[in-house]
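Enquirer: here is a sequence with its predicted model. Questions after.
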Number of protein chains: 2
Amino acid sequence: MKTMKRVKTVTARSSDFGKWYTDVCLKAELIAYSEAKGFIIYLPYGYALWENIQKHLNCTLQKTGHQNVYFPLVFPEKLFHKEKNHIQGFSPEAAMITTTGKKNLSEKLVIRPTSEILFSQYYSKTITSYRDLPKLYNQWCNVVRWEKTTKPFLRGKEFLWQEGHTVHATEQEAMQQTLSILDIYQKLGKNLLALPFVCGKKTETEKFAGALITYSIEALMHDGQALQAGTSHYLGTNFAKSFQIQFQDCDHQKKYVHQTSWGVSTRLIGALIMVHSDDEGLVLPPYVSPMQIVIIPLQPQDDAVKQTSENLFSILQKNYRVHLDLQDKTAGWKFSQYELKGVPLRIEIGKRGLENDEVTIFQRYNFAKQNIKTKDLPSQIPQLFETIHNNMYQKALQHLEQNRKQATTYEEFKTYLKQGGYVAMSISGTDAELQIKQETGATARVILETNLITANCPVTNKKALQTVLFARAY
Amino acid sequence: MKTMKRVKTVTARSSDFGKWYTDVCLKAELIAYSEAKGFIIYLPYGYALWENIQKHLNCTLQKTGHQNVYFPLVFPEKLFHKEKNHIQGFSPEAAMITTTGKKNLSEKLVIRPTSEILFSQYYSKTITSYRDLPKLYNQWCNVVRWEKTTKPFLRGKEFLWQEGHTVHATEQEAMQQTLSILDIYQKLGKNLLALPFVCGKKTETEKFAGALITYSIEALMHDGQALQAGTSHYLGTNFAKSFQIQFQDCDHQKKYVHQTSWGVSTRLIGALIMVHSDDEGLVLPPYVSPMQIVIIPLQPQDDAVKQTSENLFSILQKNYRVHLDLQDKTAGWKFSQYELKGVPLRIEIGKRGLENDEVTIFQRYNFAKQNIKTKDLPSQIPQLFETIHNNMYQKALQHLEQNRKQATTYEEFKTYLKQGGYVAMSISGTDAELQIKQETGATARVILETNLITANCPVTNKKALQTVLFARAY
């Protein structure tokens, strides 16, 4: 393990975590800022992360019978008023098209902040019978929310996401869908991003505007703040009643449909950065990394070195996203560069090593270097990647578990909260939750399905009704 | 070949081509209309066509070193004024965000009608040296143009596309890029969509607002109207000068960059429909079809029939997008349904055939039926698909060639034009082109690189300077 900071360009996390984060985003060339405040540019390296997330999730959702669609960017303002809770939640941050520059529109068009309204309107016109159900639609798109403060990937005026909108004949089936998506998201974190999540139900205060129940996956950032990384909502018959989405069931009765909606966004990339990365820059787990392996010939002019590098490249590129760097720059510069970019595995090929038929491999996440016989390398990559991935996951899980405490008094709660991370406390309800938020800045992340920690709520001294996991959050 | 119209739901092309087209779009469930006029919903079957186009083109563009990015949906209005030709072309149809509903914005934001401005602004801030070049960026996104009349896929207020924006050190390299993209588009048509294009340079009148040269791929619809299906622009140093995109070359001189931009959109789906489909509905070539094969057991209750159907399905699904229809509906209903949806190959499995170990295959594009030994079928699919694809391409090519004429007089031009299709004529220039457009409704599609047909322009009687292919167009 190393302690000296080699790349001078990234702010240390300990000195300014916020600055460190934007440094990594910008210097690893994940994003750039655009001229429109709060709107970011996804550069190739950042966008490739998103494409890899898309591929993985699309593959899963295809197996579960979900179908991709694309609904419009806008809807007429009048539709906004159909579901009361929904408009209350979203209208303050909805952007609207009012003019084409030459001519004002007769009706304002709302740019989708999310698309429950668009899907519900469509479903109301097309679903008539139980034979039309279920509908398992998903779309990948951009949405716009007029956020006041923005941060790359975590909160932007525009972001990219997938939003699933499903329709079911029964509550049971819709609930099952809601939970199975939560499971899919959890596995996406575990298997692709090496991110452990805390999953659970949101409180009434924190649930989605228009939902009956919201489940959430929550990640814990390196600085001890939580991040809601995805949500899965059971909408009940709320939208069905507002939009009159009814079907004739096999028993000939007219019934309202039960809906779900769920989404993960480019926020996942923010979580990926804030959980795994370090003061040298980005650290990426191998399966999602746009560049999984970089080969650096130490003496690119040397014939044997060049030959071995090119051979290895041509073997590895069949199965991996691998890059051979033949630029006319020093090896040291290249090392720093790919460490900054978080490439999980570096292969250094040099004259000295080749005398023993060896190359050196360097693992980004733990800075471990080892020599390995050149001919053995290709067959060892799968195991190496698996180990790197699992270790990164375990490290993040350990961080999560070490920063997850239980409070039996409000004082204890405040003390733990200052240390960062999650604090569980059994509370009386919304009154306690709001008081905690106001007094400490911590928000209810999820309701835990565990026994009560204390019989009474330490905040209100009323009878405790549920145990809630709190944290300061992005 | 059959003549009787089996599916009653689609209007005949001969009776109303426009109605036929929207019938196919709606009844094959490619799209639905949304509440916002001019904005369509891409349903699973329609969106899957787009996804297949994306996959194919992404694969090509990866090999050519292009990188996917994502730039913002909007840009501040002031940037619009930087390139004069560009704003003249696009401002009349630009939608703008002016308010969040609660609060008006201090500066209007233009929703991208295309993203030259966004990319140029970014390039101006990041390109400094010849080492930064070339930049080969591409993005898949939605754009908004306030079109007055709209038609599914062909012209909408919002559409989906890819737009490439590249930057080069020299004119030569940028021109090469412009032309190589044209070639990629032509091959996309030929190899994936079975669509032949006429390719060529646009006239000054028809070129992209802000480009020096525009190349276009033009498809000929079944009704004899042309459709611009994609464009590749050489922007020269126009945007470079407006946005001050300069680099220091290896000779230490400061120089303006040379740019290109190019795009194909969901219009390609419109072309696919209008070129190949018939009065029974959609006809899809196999490589782009979301469902390549449908298996229909004629007696689904029969054990042998069901067994064979399931066996075939499990073999074929390894290599093809295949669907086994076990719905409790008549075979006749199913036949019509999948013909309407344009599934290239239908496999009918029935008791009678199985007695001879045979199944029946039906090819959608020519209605040909033949019996084939069950065990031989899987190995014959590749050849079958190739034949279907090539025949569909040849048929479309024949239609194009049969409807492409040369006029030596203006009268002849008008006569040919009424018959539909392309008419080539040698003209004096913009004056003739505009007169033709006004008097006949035909627009200049591309400039042909051939010898002059007549020495003088039949319209103006001035010296003919170029031969232009005209057509009425969507």
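Expert: Thanks, I have the structure now.
Enquirer: and for A:Pro92, the neighbour number?
Expert: 15 (other Cβ atoms under 10 Å in any protein chain shown). For the C-beta atoms, the positions are set from N, CA and C on the backbone; glycine is no exception.
Enquirer: got a pLDDT number for it?
Expert: We have a pLDDT of 86 for A:Pro92.
Enquirer: ok, now how distant is it from chain B?
Expert: Applying Cβ to the nearest Cβ, to the nearest Å, the value for A:Pro92 to chain B is 6 Å.
Enquirer: that residue touches A:Lys148, doesn't it?
Expert: No. If you go by Cβ atoms under 8 Å, A:Pro92 and A:Lys148 don't touch, sitting 10.0 Å apart.
Enquirer: now the most centrally placed residue in chain A: phi and psi?
Expert: Centroid-nearest residue in chain A, with Cα atoms, centre = their mean: A:Leu268, separated by 1.8 Å. The phi and psi torsions at A:Leu268 (degrees, to the nearest 10) take the values phi -60, psi -30.
Enquirer: from what I see, it and A:Leu227 are in contact.
Expert: No. A:Leu268 sits out of contact with A:Leu227 when judged by Cβ under 8 Å, with a separation of 9.4 Å.
Enquirer: picking up where we left off before, show me what contacts the residue nearest to the centre of chain A?
Expert: Neighbour list for A:Leu268: A:Ile53, A:Leu188, A:Gly189, A:Leu193, A:Leu195, A:Ala229, A:Gly230 [criterion: Cβ atoms under 8 Å, 6 or more residues apart in numbering or on different chains].
Enquirer: and these, which of them are in helices?
Expert: A:Ile53 (DSSP state H).
Enquirer: for the contacts of A:Leu268, give me a markdown table that also has distance to B:Gln402, pLDDT and neighbour count.
Expert: What follows is those, written out as a markdown table (distance: Cβ to Cβ, whole Å; pLDDT from 0 to 100; neighbours: other Cβ atoms under 10 Å in any protein chain shown):
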| residue | distance to B:Gln402 | pLDDT | neighbour count |
| --- | --- | --- | --- |
| A:Ile53 | 49 | 98 | 22 |
| A:Leu188 | 53 | 98 | 22 |
| A:Gly189 | 58 | 98 | 25 |
| A:Leu193 | 56 | 98 | 29 |
| A:Leu195 | 60 | 98 | 27 |
| A:Ala229 | 58 | 97 | 25 |
| A:Gly230 | 55 | 98 | 27 |
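Enquirer: let me know the closest of the contacts of A:Leu268 to A:Val110.
Expert: Distances from A:Val110 to those, taken as Cβ to Cβ, are shortest for A:Gly230 (23.7 Å).
Enquirer: tell me what that closest one is bridged to.
Expert: Here A:Gly230 sits in beta bridges with A:Ile217, A:Val264, as judged by DSSP bridges.
Enquirer: against which helices or strands is the helix or strand encompassing A:Gly89 packed?
Expert: Element membership for A:Gly89 (DSSP states H and E) is helix A:84-90. Packing contacts for helix A:84-90, counted by 3 or more Cβ pairs under 8 Å, 6 or more residues apart in numbering or on different chains; DSSP states H and E, involve helix A:77-80, helix A:238-243.
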